[in-house]
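> Just need the structure, nothing else, for what follows:
(one chain, ligands or ions: 1)
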Amino acid sequence: MSHVPTSIDFRANVRQVPSTMPVSVQKATTKFLGNRAALVDALGNDVWQALRQAGHDLRLHAIGNLDHYLEQAERQVIAAGGQVHWARDAEEARRIVLDIAGKHHTRLAVKSKSMITEEIGLNHAMEAAGIRVLETDLGEYIVQLKGMGPAHIVVPAFHLSTVEIAALFREKLGVDAPAEAQKLTQIARTKLREEFLAADLGISGGNFLVAETGTIVTVTNEGNGRMCCTVPPVHVAVVGIDKVVPDWESLTVLLKLLARSATGQKLSCYTQFISGPPRTDAETGPKEFHLVLLDNGRSRILQTPETRETLLCIRCGACLNICPVYNNVGGYAYGYPISGPTGVIFASQILGAKAAGALPFASTLCGACNDICPVKIPITDILLHLRRRVVEGDDVEGAAAPYTLRLGAQMGSVALSVTWLYVLGSKLLKRLQGPFVRDGWMANLPGPLSRWTMARPFPGFAADFRRWWRRRAGC
Ligand code: SF4
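Numbering: from 1, shown residues only. Next up, the predicted model:
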């Protein structure tokens, strides 16, 4: 279950992270990164880089021509017997899904893993309307039993050990559950099978939407996605408008990039293509197919050249796996279902700087995410732009940072750009620092500067940088 957050305090969330989190997270991310590296090696770096460039170019082309491809996709879905609904924002999307559920007297809905339904807080809205919503991806099923959201966009429960999951199953399902992965999976499978058969509605997201044929593509490693989209009498797919790709040729490039980057597989176990409801009595499957196309701020991102490439993301999770911040704090610290570098750039634009202004600063700017991203999103450039938006404001939003911080940043900028002020300031600071320096370091600084020294000491101002530079240059 998840609500749409209205305010994210990353610093406070980090303080809640259990001390065991970094070890559990790094155990899993190391494995994924190792698998990915082996497959990239097998392919050869030149081929991999060419694939990345192709992926980047075709995603950029798709979002640059969204109006054309979305209209094409809509025509094809309708021609195939499906129904298309356009949702401007999260509220409209929830209302559309609730209306469909209401028309079919839905009491139980089964869901496959989808970050977009987390984004709009769908589970919470449906449960408030008296509809039971069951997550059926094993990881999502586990975190739902725990009353939490996903800790990772690909593997939602990877931070939990089999011992913890067994205890959870014993408590919530009332079964004798040994701490063995295979037995735990069997228990979940048995429970879920009954629910699939009883469900009135199946809900999924969509990794891609192929405009050429109006086909929804879902990429999973468990059979649950297929069950959600085929067993209940009605299927609703909620898909972001950014997920459209022109044709099947583009799709093959993206599928090669996605599975390798996500879990280090050549192809995931299930890649499912859905093009409307059955067309003849001989075909089986849901009698109704609804596609909900969600904007929810994506058009605004598209209009901002500096951040537009946020929409290229194929949600592979590789940037989470490589990120030093994510590896130390895990997913929950971000306060948003999509975590890590991709979550940071997405959430701070979707939720706005006032609600999520802390997130662009949850990065070391080391650039590892740029290097690993299969569609070459310049994540750190986007982060820098979003930091500037929070502090100074831009065409999209006004500044959200406290006035004192903005004043400090402006004063710092003036001091660094006027030579005499810089020289005078550095001389003054050298004298003023006296009471705080021990062995060349300041362990405790006063006021807002203490936020730095809470984590690490600050080096004392040791010398006149300009004089040192002149000496070093030999002039
Ligand atoms: S930003 Fe790139 S690496 Fe991160 S999830 Fe998206 S596609 Fe994958």
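
> Would you check how far apart the closest residue to residue 220 other than its chain neighbours and residue 219 are?
Nearest residue to residue 220, sequence neighbours excluded (CB to CB, 6 or more residues apart in numbering): residue 270, at 4.8 Å. Glycine gets a C-beta too; all of them are placed from N, C-alpha and C. Residue 270 is 7 Å from residue 219, where distance means CB to CB, to the nearest Å.

> cool, residue 389 as well?
Residue 389 is 32 Å from residue 219, where distance means CB to CB.

> between those two, who's got more neighbours?
It is residue 389, of residue 389 and residue 219, that has more neighbours when counted by other CB atoms under 10 Å, with 26 against 23.

> now the more buried one, what's its secondary structure?
Here residue 389 is helix, with the state taken from DSSP: H, G, I helix; E, B strand; the rest coil.

> My read is that it contacts residue 395, right?
No - checked against CB atoms under 8 Å, the pair residue 389 and residue 395 is beyond contact range at 9.3 Å.

> quick one, what contacts the residue of the stretch 101-250 of the chain found nearest the ligand?
Nearest residue of the stretch 101-250 of the chain to the ligand (CB to the nearest ligand atom) works out as residue 153 at 6.8 Å. If a contact means CB atoms under 8 Å, 6 or more residues apart in numbering, then residue 153 has 115, 315, 317, 320, 337-340, 342-343 as its contacts.

> on that earlier part again, next one: the residue nearest to residue 220 relative to the ligand, how far apart?
Distance of residue 270 to the ligand, computed by CB to the nearest ligand atom, to the nearest Å: 20 Å.

> What score does the residue positioned nearest the centre of the chain have for pLDDT?
For the chain, the residue nearest the mean C-alpha position is residue 338 (2.9 Å; CA atoms, centre = their mean). Residue 338 is assigned 96 on the pLDDT scale.

> How about the contacts made by it?
Applying CB under 8 Å, 6+ apart, the residues near residue 338 are 115, 118-119, 153, 315, 346-347.

> Those residues: which two are farthest apart?
Farthest apart among the contacts of residue 338 by CB to CB are 315 and 347. That separation is 13.2 Å.

> picking up where we left off before, the contacts of residue 153 in helices, which ones?
Counting by DSSP state H, those place 115, 320, 340, 342-343 in helices.

> and those, which are buried?
For the ones in helices among the contacts of residue 153, a neighbour count by 16 or more other CB atoms under 10 Å gives the buried set as 115, 320, 340, 342-343.

> Looking at those residues, spot the one nearest the ligand.
Set against the ligand, the nearest of those by CB to the nearest ligand atom is residue 342 (3.8 Å).

> That closest one contacts residue 318, correct?
No - with contacts counted by CB under 8 Å, residue 342 stays clear of residue 318, the gap being 9.2 Å.

> Need the buried ones among the ones in helices among the contacts of residue 153 in CSV (columns: distance to the ligand).
Shown next, in CSV, are those (distance: CB to the nearest ligand atom, whole Å):
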residue, distance to the ligand
115, 10
320, 7
340, 7
342, 4
343, 9
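
> now those as TSV including distance to residue 35?
Shown next, in TSV, are those (distance: CB to CB, whole Å):
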residue	distance to residue 35
115	22
320	15
340	18
342	19
343	22
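
> Residues of this structure that sit close to the ligand?
Neighbours of the ligand within the chain, by CB under 6 Å from any ligand atom: 261, 313-319, 341-342, 372-375, 377.

> ok, now with 5 Å
Contacts of the chain with the ligand, taken as CB under 5 Å from any ligand atom, map to 313-314, 316, 318-319, 342, 373, 377.

> Save the residues you listed as TSV, and put in pLDDT too.
Below are the residues of the chain next to the ligand laid out as TSV (pLDDT from 0 to 100):
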residue	pLDDT
313	98
314	98
316	97
318	97
319	98
342	98
373	98
377	98
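
> quick one on the thing from earlier: give me the pLDDT for the residue of the stretch 101-250 of the chain closest to the ligand.
In this prediction, residue 153 carries a pLDDT score of 94.

> how near is the spatially closest residue to it that is not a sequence neighbour to residue 151?
Of all residues not flanking residue 153 in the chain, residue 317 sits nearest, at 5.0 Å (CB to CB, 6+ apart). According to CB to CB, residue 317 and residue 151 sit 11 Å apart.

> Would you mind telling me which of these two has more residues around it?
Per other CB under 10 Å, whichever of residue 317 and residue 151 has more neighbours is residue 151, with 26 against 23.

> Ignoring the adjacent residues along the chain, who's closest to the more buried one?
residue 331 (3.7 Å).

> Now for the one you found: which residues touch it?
Here residue 331 is in contact with 150-152, 159, 320, 339-340 (CB under 8 Å, 6+ apart).

> Apply 10 Å and report the result again.
Contact analysis of residue 331 by CB atoms under 10 Å, 6 or more residues apart in numbering lists 17, 21, 25, 143, 148-153, 155-156, 158-159, 320, 337-340, 343.

> Quickly list what's touching both of residue 342 and residue 318.
369, 373.

> Based on its surroundings, how many neighbours for residue 431?
Residues near residue 431, counting by other CB under 10 Å, number 8.

> Check residue 94 too.
Neighbours of residue 94 under the rule other CB under 10 Å: 23.

> what's the pLDDT at residue 475?
What the model reports for residue 475 is a pLDDT of 64.

> Which element, helix or strand, includes residue 219?
Using DSSP states H and E, the element containing residue 219 is strand 215-220.

> Okay, buried residues for that strand please.
215-220.

> which residues touch residue 125?
So residue 125 contacts 3-4, 90-91, 93-95, 97-98, 117, 131, 133 (CB under 10 Å, 6+ apart).
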